[in-house]
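Chemist: whatever this is, show me its structure:
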Amino acid sequence: MIQTRLKGMGVAMITPFKEDESVDYDALMRLVDYLLQNNADFLCVLGTTAETPTLTEEEKQTIKQRVIERVNGRVPILLGVSSNNTRSVVESLKRDNYTGVDAILSVVPYYNKPSQEGIYQHYKAISEATELPIVLYNVPGRTGVNMTAETTLRIARDFKNVIAIKEASGNITQMDDIIKNKPANFDVISGDDGITFPLITLGAVGVISVIGNAFPREFSRMVRLALQGDYANALTIHHKFAELFKLLFVDGNPAGVKAMLNAMGMVENKLRLPLVPTRITTFEAMRRILSELNIRC
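Modeler: Modelled structure (predicted):
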C-alpha cells in the first residue's frame, strides 16, 4: 500500500538549470543518484521547489519521464499536479500518462482564494477523476487561503484515495488537531523542514524536504531517529541545522538550496525569473555553516 511507503524523508526536488537557463538534465540525473545513494525515502517531482510555474509542458513531461526511468521503482515518486483551475487538474489526470507515478501531490487552489466548501469540492473532483493516491498540500503562505483542520478531516474521511496531507500552515495547533482526529488510513507529512522534528513527536510520519536536496543523509537520519522515538539524538541534528533552515528561505525557495548545492559543486546557481539567486551575504553565511558542518564547498 502506497500510504505505508510515503514515510520518512521525501525530497522536493529542484530543477537544475544551465547558464543559458535550459534544463540541465545531466545534473538532474546526478541529483537523483545522489538522493537515492543517501537514504531519500521518496522523491517529490514537479512541486514548488522545482520552479514548476516557469517550466514548459514539454520540460515537465521530460523531467517526469527521466526521473521515473532513473529511479526505476527503487523509491516511490510523488508527482505535483496542481492548478487553481479545478477542471485543468481533472483533465490532466484523465489525459496524461501516470505510469511509474505512485501518488500525486495537489496544492490548495492559489490566488483565487476559494471558501472551505470550494476547497472541499476541488478535492472531491480530483479524487473522482483518478484512482491514484492523492496527497493534499496546505501552504497558506503561498496560496492565500488556509485549509482548516475541519476541511482536511472532512476530505480525508470522504475520499479513500486521499491518503495524506503535506502540512505547511505553520500552525502547530491545527496540525495537532488533524493528527489527533484523522482516520487511520490518512497521514500527516511535514511541509516545513524547520518544524519536522516537533511535528514527528506529535505523530507526523515524515517530511517532504527542501534541505534534503543538499543533505539527504544527514536530514534523513534526523527523521528516522525521530520516527524511532530517539528524540535526544534527533534533536541534536535538528539544532545543527537550525541556522541553515533560516538561511534556506530568506531569499525565497529554491534560491537557498540551489546556493547550497552550487557551493557543494552539484549545480549551477541559476534560477528562472521571477526568482533570482540568493544574495551574496546569505550565500557567504551558508558557506560558513557548511564549513563548520565539515561539508565541502
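
Chemist: C-alpha from now on. contacts and neighbour counts both.
Modeler: Noted.

Chemist: distance of Asp193 from Leu247?
Modeler: Noted for Asp193: a distance of 12 Å to Leu247, by Cα to Cα, to the nearest Å.

Chemist: looking at these two, which has the bigger crowd around it?
Modeler: When Asp193 is set against Leu247 and neighbours are counted by other Cα atoms under 10 Å, the residue ahead is Asp193, at 21 against 18.

Chemist: wait, what's in contact with that one?
Modeler: 207-211, 245 (Cα atoms under 8 Å, 6 or more residues apart in numbering).

Chemist: most surrounded residue in the residues you listed?
Modeler: In the contacts of Asp193, the most neighbours by other Cα under 10 Å go to Val207, 32 neighbours.

Chemist: can you report phi and psi for that residue?
Modeler: The phi/psi pair for Val207 (degrees, to the nearest 10) reads phi -150, psi 150.

Chemist: how about it, nearest residue that isn't a chain neighbour?
Modeler: Of all residues not flanking Val207 in the chain, Ser190 sits nearest, at 4.4 Å (Cα to Cα, 6 or more residues apart in numbering).

Chemist: nearest to Met286, of the contacts of Asp193?
Modeler: Distance to Met286, by Cα to Cα, is smallest for Phe245 among the contacts of Asp193, at 10.2 Å.

Chemist: which ones are touching that closest one?
Modeler: Contacts of Phe245 by Cα under 8 Å, 6+ apart are 193-194, 211.

Chemist: wait, isn't Lys182 in contact with Leu153?
Modeler: Yes. Between Lys182 and Leu153 a contact is recorded at 6.1 Å, counting by Cα atoms under 8 Å.

Chemist: can you put the contacts of Asp193 in CSV and add pLDDT and distance to Pro114?
Modeler: Converted to CSV, these look like this (pLDDT from 0 to 100; distance: Cα to Cα, whole Å):
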residue, pLDDT, distance to Pro114
Val207, 98, 26
Ile208, 98, 25
Ser209, 98, 27
Val210, 97, 27
Ile211, 96, 31
Phe245, 90, 31
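
Chemist: now render those residues as TSV, adding secondary structure and distance to Leu136.
Modeler: Listed next are those as TSV, based on DSSP: H, G, I helix; E, B strand; the rest coil; distance: Cα to Cα, whole Å:
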residue	secondary structure	distance to Leu136
Val207	strand	13
Ile208	strand	12
Ser209	strand	16
Val210	coil	17
Ile211	helix	21
Phe245	helix	23
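
Chemist: nearest to Pro76 among those?
Modeler: When these are compared for distance to Pro76 (Cα to Cα), Ile208 wins out at 12.5 Å.

Chemist: can you tell me the SS state at the nearest residue to the closest one once chain neighbours are set aside?
Modeler: Once flanking residues are discounted, Ile208 sits nearest to Gly10: 4.5 Å by Cα to Cα, 6+ apart. Following DSSP: H, G, I helix; E, B strand; the rest coil, the label given to Gly10 is strand.

Chemist: dig out what Gly10 forms beta bridges with.
Modeler: On the basis of DSSP bridges, Gly10 is bridged to Phe42, Ile208.

Chemist: ok, it touching Val207?
Modeler: Yes. Between Gly10 and Val207 there is a contact under Cα under 8 Å: 5.9 Å.

Chemist: what sits against Leu153?
Modeler: Here Leu153 is in contact with 178, 181-183 (Cα under 8 Å, 6+ apart).

Chemist: run a quick neighbour tally on Pro133.
Modeler: Pro133 has 20 nearby residues by other Cα under 10 Å.

Chemist: that one and Ser106, how far apart?
Modeler: Pro133 is 11 Å from Ser106, by Cα to Cα.

Chemist: chain neighbours aside, what residue packs nearest to Arg157?
Modeler: Nearest one to Arg157, counting by Cα to Cα, 6+ apart, is Pro183 at 6.5 Å.

Chemist: can you give me the helices in the protein?
Modeler: Secondary structure of the chain (DSSP state H): helices located at 25-37, 57-71, 86-95, 116-129, 140-143, 149-158, 172-181, 196-202, 216-227, 231-250, 255-263, 280-292.

Chemist: among those, which is nearest Val101?
Modeler: helix 57-71 (7.4 Å).

Chemist: pLDDT at the residue nearest to Val207, what is it?
Modeler: Ser190 is assigned 98 on the pLDDT scale.
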